[in-house]
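Q: Could you look at this predicted model? Sequence included:
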Amino acid sequence: MSGRALEVLIVEDEMLLAIELEHLIEEVGCHPLGCAMSSEEAVTLAQQLHPDLALVDVHLSDGPTGVDVARKISQDCGGVALFMTANVKRLPEDFAGACGVIGKPYSEHGVKTALSYLNHCLREGHAPGPAPVGLTLAPAYVTLWGLDQTLAQSA
């Protein structure tokens, strides 16, 4: 992964949000791969494009299927999912294999800070410090990236 931009898939059924996320991804030096609005489209794109990171909403055009999408991306496509949802309480305890969650409504600054942070984590294999405000890391990634559990819960 080193030397090239982090490739990011957007899984979001609200087109205006998806377009905004695409711009934020580009602003932090990552490469947006495309946008999926349903779970089927998301899994198909992830299998074809092998994103490094997928920004996944829980509620998609075909229902609350984002959890299944995140699980498939992390298990079958070699990517890392990050939930971006207003439905934080609907996430399973294991985060469906995702690295964490940003709760909606989120700020432009919050998303950019989280993307930069995750870019470092994915490239280097460890966190540069505690997760930025607004980003809650999954327990498995707290351990994977060498963070103290108390530092990881900054959201």
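A: Ah, there it is.
Q: Quick check: beta-bridge partners of Cys35?
A: Cys35 has these beta-bridge partners by DSSP bridges: Ile10.
Q: my read: it touches Glu22, true?
A: Yes: at 7.0 Å, Cys35 and Glu22 qualify as touching, with contact defined as Cβ atoms under 8 Å. Using the backbone N, CA and C atoms, a C-beta is placed for each residue, glycine as well.
Q: Now do the shared contacts for those two.
A: Common neighbours of Cys35 and Glu22, using Cβ atoms under 8 Å, 6 or more residues apart in numbering, are Ile10.
Q: which residues sit in contact with Val111?
A: 21, 24, 84, 102 are the contacts of Val111 under Cβ under 8 Å, 6+ apart.
Q: and what of Ala46?
A: Contact analysis of Ala46 by Cβ under 8 Å, 6+ apart lists 9, 54, 69, 72-73, 76-77, 79.
Q: and if we set it to 10 Å?
A: The contact partners of Ala46, taken as Cβ atoms under 10 Å, 6 or more residues apart in numbering, are 9, 11, 33-34, 36, 54, 56, 69, 72-74, 76-79, 81.
Q: from those, which would you call buried?
A: Neighbour counting by 16 or more other Cβ atoms under 10 Å classes 9, 11, 33-34, 36, 54, 56, 69, 72-74, 77, 79, 81 among these as buried.
Q: min pLDDT across those residues, which one?
A: Confidence by pLDDT is poorest for Cys77 among these, given 90.
Q: Verify the stated contact: that residue with Leu49.
A: Yes: in this structure, Cys77 is within contact of Leu49 by Cβ atoms under 10 Å, at 8.6 Å.
Q: can you put the contacts of Val111 in JSON lines and add distance to Glu93 and pLDDT?
A: Formatted as JSON lines, the contacts of Val111 follow (distance: Cβ to Cβ, whole Å; pLDDT from 0 to 100):
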{"residue": "Leu21", "distance to Glu93": "26", "pLDDT": "97"}
{"residue": "Leu24", "distance to Glu93": "29", "pLDDT": "97"}
{"residue": "Met84", "distance to Glu93": "19", "pLDDT": "95"}
{"residue": "Ile102", "distance to Glu93": "18", "pLDDT": "97"}
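Q: ok so, going back, give me the subset of the buried ones among the contacts of Ala46 that lies in strands.
A: Those of the buried ones among the contacts of Ala46 mapping onto strands are 9, 11, 33-34, 36, 54, 56, 81, per DSSP state E.
Q: Right, I'll call it a day here.
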